[in-house]
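Enquirer: structure for this input, please:
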Amino acid sequence: MTVETPRRNVQTRRHWMSRFALLIASYLLLCVAAKAGVLRGKVVFAGRELAGVQVTAHSGDKTQSVISDDSGTFQFTNLADGKWQIEATLQCFESLHADVDVNAAAAPLQLEMKLLPAEKLVSLAEQATPVTGNPPEQHAAQDAGTQTGTAARSKDAAAQQLPAVPPHEENEQGADGFLIQGSVNNAGTSAFSTSPAFGNMRAGKHDLYSGNLQITYGNSALNAQPYSLSGVSVPRPEMNNVTGSVEGQGPLHLPRPMTRSPNISVSYNWLRTDNAPTMNGIVPTAAERTGNLAGLTNALGQPVTIYDPVTGSAYAGNQIPISTEAVALLKLIPLPNLASAAQYNYQAQVFSPSRGDGVFLSLDQRTKHAGSFYGSLGLHSMSSDNTNLFGFLDKTNTMNTHAGIGWGNWYQELGMYAHANSLLSGLT
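Expert: Here you go, the predicted model:
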């Protein structure tokens, strides 16, 4: 039997009281955290996410600020419930103000920023003055001042008499010394830029010509043998397909000099397909070609009796007469080449080639005042051979031509786009 002493009882009570106090403190912290509201939102400009916007929340003497991320979203995680004033600011944009009610059911904010008016942007650009160094004469005056005060004063006076640099030249100097990340730098003025003979970035004035060549080839040489459910060996379907296209575009130099050379685009595409699929069917046997239908059965395997359509009586032994026309037509139908197949008795591999060629030409001439003139001309031909089970050939030849001319212009004063187009096409 165990007897608890009074001292042990006191320790047990203290242990449970400390646990109870810890539980109460955790509950209070959860209550405080539950009252801290969360406010989320997104900053956009012209329908696109805007990053780097400073979003500030004000409520009395309380102020909190966050910055929108790359997706334009921002979040306040510890705002007290109640009324808050939201302010969004970004350079070159108008400040945006909004009043929100922060609570557990607060919907995400959508802040739409607007650019400053053009005159304010120009004013901001004129107020920006780059930091420039002292002229060489002023440095010389400072060095001379360390040796004698008289010479220093004379140099300072000479430096003060130097002509002032105009403000627009100061702005140009600042622009020359400031390089935005991602901008293009001339290889002739920097030792760290890309070589000027890279791709189309070459020295001198050269016209830009571009081209494209694409060829797709497919063959059945590595295809597997088809599986036959009837037990009859099925030949592998043969296939050999080639498709391709070549195109080029660039300015067209005419003998007579023009302010702007027209741009021309020429493309040619071709198609060559050779397919040899396997076809199956049922053809008359040697006995059936003589009119002997004695072995004819239905789908259930039961014998079938043939009746004379004129007299209505059955033919003796299912032997029917054969006309001269039928004998002539039967010569065009091959004999069975399969004896063990239940569903068909003839199998053949047919050859069906296809050929296609197409040429497309387009010309675009842009003028300074009259807009753009453009035209197109296309020619496409297609031929195919369709062979049936009995070797009968059906040839198909098509020719499609089309031509179009158009004109377009953009009137900035009227804010409208004028467009005219004419298309002619034919099929043979």
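
Enquirer: which other residues reach the helix or strand that Phe74 is a member of?
Expert: Using DSSP states H and E, Phe74 sits in strand 73-80. The contact list for strand 73-80 (C-beta atoms under 8 Å, 6 or more residues apart in numbering) reads 35-43, 49, 53, 55, 57, 59, 62, 64, 66-68, 102. Where C-beta positions appear, they are placed from N, C-alpha and C, glycine not excepted.

Enquirer: can I have the buried ones of the residues you listed as a PyMOL selection?
Expert: Only the buried entries of the contacts of strand 73-80 go into this PyMOL selection, using 16 or more other C-beta atoms under 10 Å:
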select buried, resi 37+39+41+42+43+53+55+57+66+68+102
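
Enquirer: which ones among the contacts of strand 73-80 are found in strands?
Expert: Those of the contacts of strand 73-80 mapping onto strands are 36-43, 49, 55, 57, 59, 62, 64, 66-67, 102, per DSSP state E.

Enquirer: give me the below-cutoff pLDDT ranges for the stretch 101-250 of the chain.
Expert: Residue ranges of the stretch 101-250 of the chain with pLDDT under 70: 104, 128-207, 229-232.

Enquirer: give the other helices and strands that the strand ranked longest in the chain contacts.
Expert: Using DSSP E to define each element, the chain has its longest strand at strand 393-411. Applying 3 or more C-beta pairs under 8 Å, 6 or more residues apart in numbering; DSSP states H and E, one finds that strand 393-411 makes contact with strand 372-387, strand 416-427.

Enquirer: swap the cut-off to 10 Å and go again
Expert: Identification of packing neighbours for strand 393-411 by 3 or more C-beta pairs under 10 Å, 6 or more residues apart in numbering; DSSP states H and E yields strand 352-366, strand 372-387, strand 416-427.

Enquirer: as TSV, those with mean neighbour count and mean pLDDT would be great.
Expert: Shown next, in TSV, are those (neighbours: other C-beta atoms under 10 Å; pLDDT from 0 to 100):
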stretch	mean neighbour count	mean pLDDT
strand 352-366	16	91
strand 372-387	15	88
strand 416-427	10	46
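
Enquirer: tabulate those strands (CSV), appending distance to Gly281.
Expert: Formatted as CSV, the helices and strands packed on strand 393-411 follow (distance: least, C-beta to C-beta, whole Å):
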stretch, distance to Gly281
strand 352-366, 16
strand 372-387, 13
strand 416-427, 34
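
Enquirer: what does Asp274 show for phi and psi?
Expert: phi -130, psi 110 (degrees, to the nearest 10).

Enquirer: is it correct that it is in contact with Val350?
Expert: No. Asp274 is beyond contact range of Val350, at 11.7 Å (criterion: C-beta atoms under 10 Å).

Enquirer: any residues in contact with both of these two?
Expert: Among the neighbours of Asp274, those also in contact with Val350 (C-beta atoms under 10 Å, 6 or more residues apart in numbering) are Asp385.

Enquirer: need the strands for the stretch 201-350 of the chain, in chain order.
Expert: Here the stretch 201-350 of the chain has its strands, by DSSP state E, counting those that start in this stretch, at 210-219, 238-251, 263-276, 278-281, 346-349.

Enquirer: quick one: residues in contact with the fourth one.
Expert: Where contact means C-beta under 10 Å, 6+ apart, the residues beyond strand 278-281 that reach it are 226, 230, 232, 234-238, 333-334, 336, 338, 341, 343-350, 387-390.

Enquirer: same thing but 6 Å
Expert: 234-235, 237, 344, 346-350, 389 (C-beta atoms under 6 Å, 6 or more residues apart in numbering).

Enquirer: before we move on, what about the first one?
Expert: Contact with strand 210-219 is made by 240-249, as judged by C-beta under 6 Å, 6+ apart.

Enquirer: now with 8 Å, please.
Expert: Identification of contacts with strand 210-219 by C-beta under 8 Å, 6+ apart yields 239-250.

Enquirer: again with the third one
Expert: By C-beta under 8 Å, 6+ apart, the list of residues contacting strand 263-276 from outside reads 237-252, 349-366, 382.

Enquirer: so for that strand, what's the average pLDDT?
Expert: Strand 263-276 comes out with an average pLDDT of 92.

Enquirer: that strand pairs with which strands, parallel or anti?
Expert: strand 238-251 (antiparallel), strand 352-366 (antiparallel) (DSSP bridges).

Enquirer: export only the CA atoms of the last one, formatted as CSV.
Expert: So the one you mean is strand 352-366. Listed next in CSV are the C-alpha coordinates belonging to strand 352-366 (Å, rounded to 0.1, in the frame of the first residue of the first chain):
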residue,chain,number,x,y,z
SER,A,352,-2.3,4.4,-103.2
PRO,A,353,0.2,7.2,-103.8
SER,A,354,-0.5,10.9,-103.4
ARG,A,355,1.3,13.9,-104.7
GLY,A,356,0.9,17.6,-103.8
ASP,A,357,2.7,20.9,-104.6
GLY,A,358,2.0,24.4,-103.6
VAL,A,359,3.6,27.8,-104.3
PHE,A,360,2.6,31.0,-102.4
LEU,A,361,3.8,34.6,-103.2
SER,A,362,3.0,37.7,-101.3
LEU,A,363,4.2,41.3,-101.7
ASP,A,364,3.9,44.2,-99.2
GLN,A,365,4.7,47.8,-99.9
ARG,A,366,4.5,50.4,-97.2
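
Enquirer: now do it against strand 393-411, angle only.
Expert: Between strand 352-366 and strand 393-411, the angle comes out at 10 degrees (axes from the mean of the first three to the mean of the last three C-alpha atoms, to 10 degrees).

Enquirer: now strand 352-366 and strand 372-387, what's the angle there?
Expert: Angle between the axes of strand 352-366 and strand 372-387 is 180 degrees (criterion: the same axes, to 10 degrees).

Enquirer: done for today, thanks.
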